[in-house]
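Undergrad: I need the structure of the sequence given here:
(chains A and B)
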Amino acid sequence: SQTIHQWPATLVQPVGSPLSLECTVEGTSNPNLYWYRQAAGRGLQLLFYSVGIGQISSEVPQNLSASRPQDRQFILSSKKLLLSDSGFYLCAWSTGANYGYTFGSGTRLTVV
Amino acid sequence: AQSVTQPDIHITVSEGASLELRCNYSYGATPYLFWYVQSPGQGLQLLLKYFSGDTLVQGIKGFEAEFKRSQSSFNLRKPSVHWSDAAEYFCAVGGYNKLIFGAGTRLAVHP
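TA: Here you go, the predicted model:
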């Protein structure tokens, strides 16, 4: 069966520090991969999605970047965190958006 | 453009009462529709989905949803709410390579 792993679960980082969040999927090949963010009390904001290795689509220009170095690995990064980067980050995968997503358990990022 | 509207930001119901969460969508073709639930601090869990066929779909945890093409709606229902149903609920429509989510409805359940 397919599983999705996301880590760390919580993270507290100072302003200006770098960020790396990792998401991996098991049990499937060539998944579509997604990064979402939820700010406090807000809905889901799509940040990036990828339909294949090295293929990244950015939905919202901001202080973050994404990479897909392997088929089932999706990484969210920042060189210098801002206070506004705080939020709940969710990774998800699908075989095609019309089939729905499976979400990871999320990372709570607090920038201080 | 594709969009999803969840008109109710917050809903409060008493335990044992019936529940209906509203969802309206805008999509040019036959929609693929989903409802997800998110407990505090957790990821999203799929409750149910509609692709085609019977317009009343059954999901997990006793939830059901009805697709009404004429009203562009996909409302979520449950006949008797339990305290453990308190969570945030998201409606979504399938788009090219990605889902379009509504802003969510936060459900509170009074004992």
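Undergrad: Off-centre distance for stretch A:102-112?
TA: In terms of C-alpha atoms, centre = their mean, to the nearest Å, the centre of stretch A:102-112 is found 8 Å from the chain centre.
Undergrad: ok, residues contacting it?
TA: With contact meaning C-beta atoms under 8 Å, 6 or more residues apart in numbering or on different chains, stretch A:102-112 is reached by A:2, A:4-15, A:19, A:21, A:23, A:81-94, B:36, B:41-46. Where C-beta positions appear, they are placed from N, C-alpha and C, glycine not excepted.
Undergrad: Give the buried subset of the residues you listed as a PyMOL selection command.
TA: A single PyMOL command selects the buried members of the contacts of stretch A:102-112 (16 or more other C-beta atoms under 10 Å in any protein chain shown):
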select buried, (chain A and resi 4+6+11+13+19+21+23+81+85+86+87+88+89+90+91+92+93+94) or (chain B and resi 36+43+44+46)
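Undergrad: Let's see which of the contacts of stretch A:102-112 end up in strands.
TA: Using DSSP state E, A:4-7, A:10-13, A:19, A:21, A:23, A:87-94, B:36, B:44-46 are the members of the contacts of stretch A:102-112 that sit in strands.
Undergrad: distance of the residue nearest to the spatial centre of chain A from residue A:108?
TA: For chain A, the residue nearest the mean C-alpha position is residue A:35 (3.1 Å; C-alpha atoms, centre = their mean). Computed as C-beta to C-beta, to the nearest Å, the residue A:35 to residue A:108 distance reads 15 Å.
Undergrad: Residue A:17 too?
TA: According to C-beta to C-beta, residue A:17 stands 16 Å off from residue A:108.
Undergrad: Between the two, tell me which one has more neighbours.
TA: Neighbours were counted for residue A:17 and for residue A:108 using other C-beta atoms under 10 Å in any protein chain shown; residue A:108 has more, 15 against 12.
Undergrad: Quick one: name the residues of chain A near chain B.
TA: A:6, A:32, A:34, A:42-44, A:46, A:49, A:51, A:57, A:88, A:90, A:92, A:94, A:96-106, A:108 (C-beta under 8 Å from any C-beta of the partner chain).
Undergrad: I am finished for the moment; much appreciated.
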